[in-house]
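Asker: A predicted structure for the sequence below; I have some questions about it.
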Amino acid sequence: MENTKDKIYQAAKELIWKNGISKTNVADICEEAGVSNMTFYRKYENKYELLKQIIEENYNGFNRKYEEIFQKNLPFNEKIMELIFAHSELLKGISKKYIDDIAHQDNVELKEFIQKKHMIYNESVLQLLKREQSKGNIRADVDIEFLNFFRNNIIEMLFNPKLQKIYPDTEELIIQLIKMFYFGAVKR
């Protein structure tokens, strides 16, 4: 049986991913979860506290998936395909509005939280890329710092109007960018 906190969490995640942060309020979350506002505020101080929990879980999920996949005894190309599939699963239901709200966050506390999480995640991925290059899985002529910079700036490409016309589905655009990122670096 799902507990109240889980119901609130799931409702918030679905609504925020679908409608964005700015378009989702506590009343929407409570209605979706089937709980009262008072119940919400007994569990969470505000929607930003809940959102930090959602973001934390997403970063942790990506980190776990990266490590799990790259620990497997598979050819690198197969690891990349698994990684692309994992990204696809972890990003189901994400909207452009959510990504825009994350990228252009006004709430100072949330913005600092996201930046801190991203720095930790970024360092983890950078170390993973260096490890894979040392194994010969990423071309030696590819500068890992540049590759990591490019990976970090994929989000900005999501807002490119030309790309949005080609890929109106945010999930598909993200997957295409990830494929381009990794397969451009893979040793042939």
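Answerer: Sure, I can see it. Computed from a predicted model, the values in this text were never measured in an experiment.

Asker: from here on, just use CA atoms for contacts and neighbour counts.
Answerer: Fine.

Asker: which helix or strand contains the residue sitting furthest away from the middle of the chain?
Answerer: Residue farthest from the centre of the chain, counting by C-alpha atoms, centre = their mean, is Met38 at 30.2 Å. Here Met38 is covered by helix 37-43, with elements defined by DSSP states H and E.

Asker: quick check: pLDDT value at Glu57.
Answerer: Looking at Glu57, its pLDDT is 91.

Asker: likewise Val186?
Answerer: Predicted confidence (pLDDT) for Val186: 67.

Asker: again with His87
Answerer: His87 is given a pLDDT of 76.

Asker: how much space between the closest residue to it other than its chain neighbours and Gln71?
Answerer: Leaving aside its sequence neighbours, His87 sits nearest to Ile175 (C-alpha to C-alpha, 6 or more residues apart in numbering; 7.3 Å). Per C-alpha to C-alpha, to the nearest Å, Ile175 is found 22 Å from Gln71.

Asker: same check, this time on Gly20
Answerer: 34 Å.

Asker: more neighbours, the two?
Answerer: Neighbour comparison, Gly20 and Gln71: the larger count goes to Gly20, with 21 against 10 (by other C-alpha atoms under 10 Å).

Asker: in the helix or strand encompassing Lys162, what's buried?
Answerer: Using DSSP H and E, Lys162 sits in helix 161-166. By neighbour count with 16 or more other C-alpha atoms under 10 Å, helix 161-166 contains no buried residues.

Asker: ditto for stretch 65-80
Answerer: 65-66, 69-70, 76, 79-80.

Asker: got the domain ranges for the protein?
Answerer: 4-43, 47-183 (automatic domain parsing).

Asker: spatially nearest residue to the residue positioned nearest the centre of the chain (excluding sequence neighbours)?
Answerer: Nearest to the mean C-alpha position of the chain, by C-alpha atoms, centre = their mean, lies Asn58 at 6.0 Å. Nearest non-adjacent residue to Asn58, counting by C-alpha to C-alpha, 6+ apart: Leu90, 7.7 Å away.

Asker: please compute how far the strand or helix carrying the residue nearest to His87 lies from its chain's middle.
Answerer: Per DSSP H and E, Ile175 falls inside helix 170-183. Distance, stretch centre to chain centre, for helix 170-183: 13 Å (C-alpha atoms, centre = their mean, to the nearest Å).

Asker: flag every buried residue along that helix.
Answerer: 170-171, 173-175, 177-178, 181-182.

Asker: got it, and stretch 108-126?
Answerer: Quick answer for stretch 108-126 (16+ other C-alpha under 10 Å): 110-111, 114, 117-118, 122, 125-126.
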